[in-house]
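1. No letters, just coordinates:
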């Protein structure tokens, strides 16, 4: 684990932090913190993130300012990929990288939707903090985590167990799931936010309850346990199950028709392979069509022969009776 450095003698905090929206609070230098509200030290404690990450390859999904990524470097990780769609100049990522003289953290512009082993490889540890409720397609995001993770996923998310937001123009006030219905606490459900119903932020799409998070990760092929619950936030620790993800083994459409339904989403097949698959399927479909036609033709001919035979016997019998 790296020791915290003293701020350079000429370091001007006001100038350094100016012009950036700092969401994360992290000790940049000894006694000098980025001016955010999301305390990285507290989050790491709630996640149960190991103090020693020596030799670990880490993926930080939704890195934003990058503080969690740089914290992993301090804890000894051998390589860290900070993933996010934002411009790292705008989020202050490059400022921090230069300030701490980082050598092991690399920023990649992208999202959880385009994760693939072919693009970024595999990771011992995946950090998935403050992302889940921002996804319009949360299950696809979780499925993609399973594709690149070979060890642990540490999750932090907004959850609705203690407070279910309701429209302001209704008679209902915000209540906990138990207040609505005591059985809801034990059922997985996701509250959908069409616009900016959650905190006035249109980037929030879903609010899961704790059970929904657990069940979604289990479906995707993880063991998972809850860690810490603080009001509307919770942390979880998941580990990869070695066998095939559950959702592909239960006769789901995704499992039974994987090449058609999932391969393009997962980019498991390159275009040439997909083209070959398409040609093979076309040939199979054509063959089945021709085979069915032959069966119909053969059936018609056999039926015709049978009818002629029956008619001939009937006429012969009539002649014999007439004689």
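-> Arrived safely, thanks for sending. Only a predicted model underlies this, so the values are computations on that prediction, with no experimental measurement involved.

2. residue ranges with poor pLDDT in the chain?
-> 1, 169-174, 176-181, 267-289, 293, 299-323 (pLDDT under 70).

3. ok, 50 please
-> 269-279, 281-282, 314-323 (pLDDT under 50).

4. could you pull out the strands for it?
-> In the chain, the strands defined using DSSP state E lie at 24-25, 27-29, 32-33, 38-39, 57-61, 79-84, 105-109, 123-129, 149-158, 190-192, 206-208, 222-230, 233-240.

5. Would you tell me which of those strands gets closest to residue 9?
-> With C-beta to C-beta as the measure, strand 27-29 is the member of the strands of the chain nearest residue 9 (11.4 Å). C-betas here are computed from N, CA, C, even on glycine.

6. What residues of that closest one count as buried?
-> Using 16 or more other C-beta atoms under 10 Å as the test for burial, strand 27-29 gives residue 28.

7. still on that earlier bit, so which of the strands of the chain is the most packed in?
-> strand 57-61 (a mean of 26; mean count of other C-beta atoms under 10 Å).

8. that older thread, could you say which one of the strands of the chain comes nearest to residue 13?
-> strand 32-33 (6.1 Å).

9. Can you name the residues that contact residue 198?
-> 133, 158, 165, 204, 207 (C-beta atoms under 8 Å, 6 or more residues apart in numbering).

10. Of those, which is the nearest to residue 51?
-> When these are compared against residue 51 (criterion: C-beta to C-beta), the nearest one is residue 158, at 26.5 Å.

11. The closest one - nearest residue in space that isn't next to it in sequence?
-> Leaving aside its sequence neighbours, residue 158 sits nearest to residue 133 (C-beta to C-beta, 6 or more residues apart in numbering; 4.5 Å).

12. In this structure that neighbour contacts residue 212, no?
-> No. Look at residue 133 against residue 212 with C-beta atoms under 8 Å: they stay out of range, at 10.8 Å.

13. any idea how far residue 40 is from the residue nearest the centre of the chain?
-> By C-alpha atoms, centre = their mean, the chain has its centre lying nearest to residue 141, at 1.5 Å. Here the criterion is C-beta to C-beta, to the nearest Å. By it, residue 141 lies 22 Å from residue 40.

14. returning to what we had before: mind putting the strands of the chain into a markdown table with distance to residue 246?
-> Formatted as a markdown table, these follow (distance: least, C-beta to C-beta, whole Å):
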| stretch | distance to residue 246 |
| --- | --- |
| strand 24-25 | 34 |
| strand 27-29 | 40 |
| strand 32-33 | 42 |
| strand 38-39 | 32 |
| strand 57-61 | 22 |
| strand 79-84 | 25 |
| strand 105-109 | 29 |
| strand 123-129 | 18 |
| strand 149-158 | 15 |
| strand 190-192 | 18 |
| strand 206-208 | 18 |
| strand 222-230 | 9 |
| strand 233-240 | 12 |
